[in-house]
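Peer 1: Got a predicted structure plus its sequence, pasted below:
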Amino acid sequence: MSPRPPQLGVPPTGSTDSIDSIDPELDALLDSERHAPGASPAARQRVAARLSLTVGVIGLAAGQASAGQVSGSLPAAGAKVFAWKWLAAGLTSVAVLGGIASGVWWSHRSQLAPLAPVVVPAALPVAEPAPQLVAPAVEPAVEPPVPKPAAHRRANPSSEYPLVEGARSALQHNDIAGALRLCARHQDLFPHGSLVEERDSIVILALGAAHRADEAASRAARFRNRYPGSLFLPAIEAAVENAREP
Amino acid sequence: MRSAGSALSADTEPVSRPAEPIGPVVAIVDFDDLAALYEQHFDYVWRSLRRLGVAPRDQEDLAHEVFLSFFRTRAGFDRSRPLKPWLFGIAFRVASDFRRLARNRLEIPDGDDTESVDQAPDAEAQAVAAERRRLVMAGLDALSLDQRAVVVLHDLDGYSMPEIAEVLEAPLNTLYSRLRLGRAEFGKAVRKLTDAGKQPSWRAK
């Protein structure tokens, strides 16, 4: 058996630390895990599609995620590459995001004020009082449950998450009015929430999808100033450009 | 004689080079090519999450979280360092946060239908290997997440303890303790499982 490290804290080199060797039988057992296969292509593509939806990395599109085909860096992707229409059409296989659990990650996000009030467009079709969040199987076709307003206390990302994710899902399914309505509701309930950046980006994408170019552009400019390093920026730029197209 | 690297640059465009070396060349990683980063490291993140005890049904959610975090914070990464340990650190924190929620308490997975099929030709060997991997996971389930992370990084991924100390931001002495205790717990759990007949013998024939 190898001796225990004479001086703990002295950095050994490589992975052959001077600590007790592991039982050879256990080591052999662990060896099977060392050669474990990776994720299935389907799982890999599902996560890629979700990331594409979130950050607008076109190269991560479902079905394009093989090593030889990926090419879309965010800066390179730019406005031309990203298209919200692609998102709406191409991500039908994406399951509803992990909901509350995923919201935990956002707990570390900074608390930022919203860009501006979200105004649900009157011109857009707003027929039903409860928007149909066309979501694949898992999610009921009603608005996600939301807590009571939490104006000045720290927002719980888990509570915010269904609204923002619902808005994202609505936009994904071309329900622009529904997306904006959920964003407005999020703004009412969580004016300084953890997902403000996400909400504001969705609003701009929705305005772009509705070809409300001026509003999208002005909001995009404010968004750019507020979040200069945002990963949503390429998608937003593309949405603004898309809004100008007839 | 041209170097291999110079062949990558356009012949007609002179490339200005810094007068002094800018640092050790560890790897050529384009940190703006998110798609390539995803492709290169997805399997590692996927396996790491599973090794940290994330149930198969939650693996996609958390892999998404890991890459989202990675993409957002990559600007702060010291590019002279290897990327995988950093990714593991993100996975560890994501798994740790996830685990704190009571509703997400870890369960022993009842199967992993998201794992790709091993390409080995021998079906029986595949089955044995899969069984052994399940036993490894069951054994790791006996460890605390902190112990588990050290055992995984050291005994599965092969990282040195100082490297692990950087990833997990913990003192070396603490990590040595976790490794020793973790190994002991792991061995005890594996033996208990096999002795109880819940798992076939893992000892090499």
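Peer 2: Thanks, I have it.
Peer 1: mind giving me the domain split of chain B?
Peer 2: Using automatic domain parsing, the domain parsing of chain B gives B:20-105, B:123-197.
Peer 1: quick one, which of these is nearest to chain A?
Peer 2: Each of these has some distance to chain A by C-beta to the nearest C-beta; the shortest is domain B:20-105, at 3.1 Å. (Each C-beta comes from the backbone N, C-alpha and C, glycine too.)
Peer 1: least reliable of the domains of chain B going by mean pLDDT?
Peer 2: Note on those: domain B:20-105 shows the lowest mean pLDDT, a mean of 79.
Peer 1: Does chain A have contacts with it?
Peer 2: Yes: using C-beta under 8 Å from any C-beta of the partner chain, domain B:20-105 comes into contact with chain A via B:30, B:32-36, B:38-40, B:42-43, B:46-47, B:51, B:58-65, B:67-69, B:71-72, B:75, B:94, B:97-98, B:100-101, B:103-104.
Peer 1: How about stretch B:141-150?
Peer 2: No: judged by C-beta under 8 Å from any C-beta, stretch B:141-150 and chain A are separated, with a smallest distance of 10.9 Å.
Peer 1: coming back round to it: for the domains of chain B, could you give me a markdown table that also reports distance to residue A:195?
Peer 2: Formatted as a markdown table, the domains of chain B follow (distance: least, C-beta to C-beta, whole Å):
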| stretch | distance to residue A:195 |
| --- | --- |
| domain B:20-105 | 12 |
| domain B:123-197 | 27 |
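Peer 1: Could you dump those into TSV and include mean neighbour count?
Peer 2: Formatted as TSV, the domains of chain B follow (neighbours: other C-beta atoms under 10 Å in any protein chain shown):
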stretch	mean neighbour count
domain B:20-105	18
domain B:123-197	19
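Peer 1: Can you show me the helices along chain B?
Peer 2: Using DSSP state H, the helices of chain B run over B:34-51, B:56-73, B:83-100, B:123-140, B:145-151, B:161-168, B:172-195.
Peer 1: mind putting the ones you listed in JSON lines, distance to residue A:185 included?
Peer 2: Shown next, in JSON lines, are the helices of chain B (distance: least, C-beta to C-beta, whole Å):
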{"stretch": "helix B:34-51", "distance to residue A:185": "31"}
{"stretch": "helix B:56-73", "distance to residue A:185": "24"}
{"stretch": "helix B:83-100", "distance to residue A:185": "26"}
{"stretch": "helix B:123-140", "distance to residue A:185": "42"}
{"stretch": "helix B:145-151", "distance to residue A:185": "36"}
{"stretch": "helix B:161-168", "distance to residue A:185": "40"}
{"stretch": "helix B:172-195", "distance to residue A:185": "45"}
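Peer 1: Run through the residues that contact the residue minimising distance to the centre of chain B.
Peer 2: Residue closest to the mean C-alpha point of chain B, counted by C-alpha atoms, centre = their mean, is residue B:48 at 3.3 Å. Residue B:48 is in contact with B:87-88, B:91-92, B:152, counting by C-beta atoms under 8 Å, 6 or more residues apart in numbering or on different chains.
Peer 1: Report the separation between residue A:44 and chain B.
Peer 2: Applying C-beta to the nearest C-beta, to the nearest Å, the value for residue A:44 to chain B is 6 Å.
Peer 1: residues near that residue, how many?
Peer 2: When neighbours are defined as other C-beta atoms under 10 Å in any protein chain shown, residue A:44 has 24 of them.
Peer 1: helix/strand/coil for residue A:192?
Peer 2: coil (DSSP: H, G, I helix; E, B strand; the rest coil).
Peer 1: got the phi/psi numbers for it?
Peer 2: Backbone geometry at residue A:192, expressed as degrees, to the nearest 10, gives phi -120, psi 40.
Peer 1: From what I see, residue B:98 and residue B:58 are in contact.
Peer 2: Yes: if you go by C-beta atoms under 8 Å, residue B:98 and residue B:58 touch, sitting 6.9 Å apart.
Peer 1: could the contacts of residue B:48 go into CSV alongside distance to residue B:184?
Peer 2: Converted to CSV, those look like this (distance: C-beta to C-beta, whole Å):
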residue, distance to residue B:184
B:87, 28
B:88, 22
B:91, 24
B:92, 21
B:152, 16
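Peer 1: ok, so what distance separates residue A:182 from chain B?
Peer 2: Using C-beta to the nearest C-beta, residue A:182 is found at 20 Å from chain B.
Peer 1: Then residue A:194?
Peer 2: 13 Å.
Peer 1: Is it correct that that residue is in contact with residue A:160?
Peer 2: Yes: the criterion here is C-beta under 8 Å, and residue A:194 meets it with residue A:160 at 6.2 Å.
Peer 1: which residues of chain A score low on pLDDT?
Peer 2: A:1-19, A:54-158 (pLDDT under 70).
Peer 1: How about residue B:93: what's its closest non-neighbour residue?
Peer 2: In this structure, residue B:93 finds its nearest non-sequential neighbour in residue B:69, 7.9 Å apart by C-beta to C-beta, 6 or more residues apart in numbering or on different chains.
Peer 1: Could you verify my assumption that that neighbour touches residue B:90?
Peer 2: Yes: shown here, residue B:69 and residue B:90 form a contact pair, counting by C-beta under 8 Å, at 5.1 Å.
Peer 1: what do those two both touch?
Peer 2: Jointly contacting residue B:69 and residue B:90 under the rule C-beta under 8 Å, 6+ apart is no residue at all.
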